[in-house]
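Participant: sharing a model that was predicted from the sequence below.
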Amino acid sequence: MYSARLTSELKQLRDAALTSSYAYTELAHLCNNIGPRLSGSPQAQQAVQYVADEMRRLGLDVQLEKVTVPHWVRGAETGELVKFAGQAPGTTQKIVLTVLGGSVATSADGLSAEVIVVDSFDDLSSLGRGKVAGKIVLFNARFDKQMAAQGFGLDAYGQAVVYRGAGPSEAARLGAVASLVRSVGGADYRLPHTGAFGYAADAPKIPAAAVSAEDADLIAYLTAQGPVRMHLTLTPQTLPDVESYNVIADIKGSEHPEQVIIVSGHLDSWDLGTGAIDDGAGVAVAMQIAQLIKTLGLKPKRTIRVIAWMNEENGLRGGQAYAQDHKEDLANHIAAIESDLGAGHPVGFSAHISAKALEMLRPLASVLQTLGAGIVNRSEHAEGADVSPLDAAGVPTFAPIQDNRTYFNYHHTAADTLDKVVPRELAENAVVMAVLAYTIANLPEALPR
């Protein structure tokens, strides 16, 4: 059991968060006033300054820590089927697609090639170079919507996203001229899902895009009837890297200021939507922790550090830079919490921690159970991409367990907008992060690793 004082303060945080609109107001500004925040963009830089100014206004000690980030811009993206069975003379069929982040371009006037459809890397390999060279390859691996509907959206995503991540290089090794992937997500509203991937060092770089689920089905249907030819125009550019920042804002601990508990989300987003669920919500919730503590006049014994990470989406350079810049001080990093799975109702939190640390945190369940968030899970992996470099150094990492059943319907799409966030559920996420962070900051002894 925790002391009466700590329990009382945790309940104050819980109740204040549930009646506050602060996180939603901040999220609305990030999404609607600033807009998409792809690394290297003017909007990303504006968001850095906005969050820094707001944290200063609350009275936090704010630092902007430099991060060199990629500057990739999307350009034009069009696709059309120009030859297929049953085609009416003089017509084409439009394909709804979006360029994958970091892709190289076609020529300005595009390329035309036959499309072949595969369901797996084994299918591609079985075709051999003779049947792949000079073609556009479509990886038609389906996102498991039933799995996601049961609350295992991350598992469904993990199964399908390998084709986005490795597909372009696998296709290029066999001589393909472009790579397409069925969108990694669950919505059937002809929404293409973008995302990052990496070119392998031993393969040519070819243009890469994601097509909507409906268009993947269309292409698969037509290729079963005969040759299908596509004209594809993608004109992204990779510009020189630019200087950006992680926003670091501290509430100094009253007894152990050198010991740090991180609360965080990533400030950058993809450029199609406005980054509400990925991950403006995480940033807004982290900001609210500071606002709650300041408003209630609470004094954490250890430092609570708000971080708005830069460049999670297409490089993870913010998380990597922080771990490098603070490598001499990581022993004093007691915990790192990141929220990066939307703003759905939380049922508790998951933690990559020792068994002893888990037992030290179990009493939290009684405070969080009133909003249905009393689950305390121990995981076997880092809890968040940006905090993963810290996790690798032994820092305990945490994340709220959120309802992600519909998250991948909107993730990395033009539909990632403010209306997808329910204000009450966003406030519940603030409760979980605030109660968890404040508990760790006030335990009699630091969490063991």
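Facilitator: Thanks, I have the structure now.
Participant: correct me, but Glu312 touches His266?
Facilitator: Yes. If you go by Cβ atoms under 8 Å, Glu312 and His266 touch, sitting 3.7 Å apart. Yep, even glycine has a C-beta here, placed from its N, CA and C like the rest.
Participant: joint contacts of those two?
Facilitator: 279, 318, 340, 385-386 (Cβ atoms under 8 Å, 6 or more residues apart in numbering).
Participant: so how far is Lys83 from the spatially most distant residue from the centre of the chain?
Facilitator: Distance from the centre of the chain peaks at Pro89, with 44.2 Å (Cα atoms, centre = their mean). Per Cβ to Cβ, to the nearest Å, Pro89 is found 12 Å from Lys83.
Participant: mind checking the SS state of the residue farthest from the centre of the chain?
Facilitator: Look at Pro89: counting by DSSP: H, G, I helix; E, B strand; the rest coil, its state is coil.
Participant: just the buried residues of the longest strand seen in the chain, please?
Facilitator: Longest strand in the chain by number of residues, with DSSP state E as the criterion: strand 237-251. Using 16 or more other Cβ atoms under 10 Å as the test for burial, strand 237-251 gives 244-251.
Participant: what angle separates the helix or strand following it from strand 237-251?
Facilitator: Proceeding N to C from strand 237-251, the next assigned helix or strand is strand 256-266, under DSSP states H and E. In terms of direction (axes from the mean of the first three to the mean of the last three Cα atoms, to 10 degrees), strand 256-266 departs from strand 237-251 by 140 degrees.
Participant: now strand 256-266: average pLDDT?
Facilitator: Averaging pLDDT along strand 256-266 gives 98.
Participant: can I get the following helix or strand past it in PDB? Just the C-alpha atoms.
Facilitator: Toward the C-terminus, strand 256-266 is succeeded by helix 281-296 as the next helix or strand (DSSP H and E). This file holds the C-alpha atoms of helix 281-296, laid out as PDB (Å, rounded to 0.1, in the frame of the first residue of the first chain):
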ATOM      1  CA  ALA A 281      -2.800  12.700 -28.600                       C
ATOM      2  CA  GLY A 282       0.400  11.400 -26.900                       C
ATOM      3  CA  VAL A 283       2.000  14.800 -26.900                       C
ATOM      4  CA  ALA A 284      -1.100  16.500 -25.600                       C
ATOM      5  CA  VAL A 285      -1.500  13.900 -22.800                       C
ATOM      6  CA  ALA A 286       2.200  14.400 -21.800                       C
ATOM      7  CA  MET A 287       1.700  18.100 -21.700                       C
ATOM      8  CA  GLN A 288      -1.400  17.700 -19.500                       C
ATOM      9  CA  ILE A 289       0.700  15.900 -16.900                       C
ATOM     10  CA  ALA A 290       2.700  19.100 -16.400                       C
ATOM     11  CA  GLN A 291      -0.500  21.200 -16.400                       C
ATOM     12  CA  LEU A 292      -2.200  19.000 -13.700                       C
ATOM     13  CA  ILE A 293       0.800  19.000 -11.400                       C
ATOM     14  CA  LYS A 294       1.200  22.700 -11.700                       C
ATOM     15  CA  THR A 295      -2.500  23.500 -11.300                       C
ATOM     16  CA  LEU A 296      -2.800  21.200  -8.200                       C
END
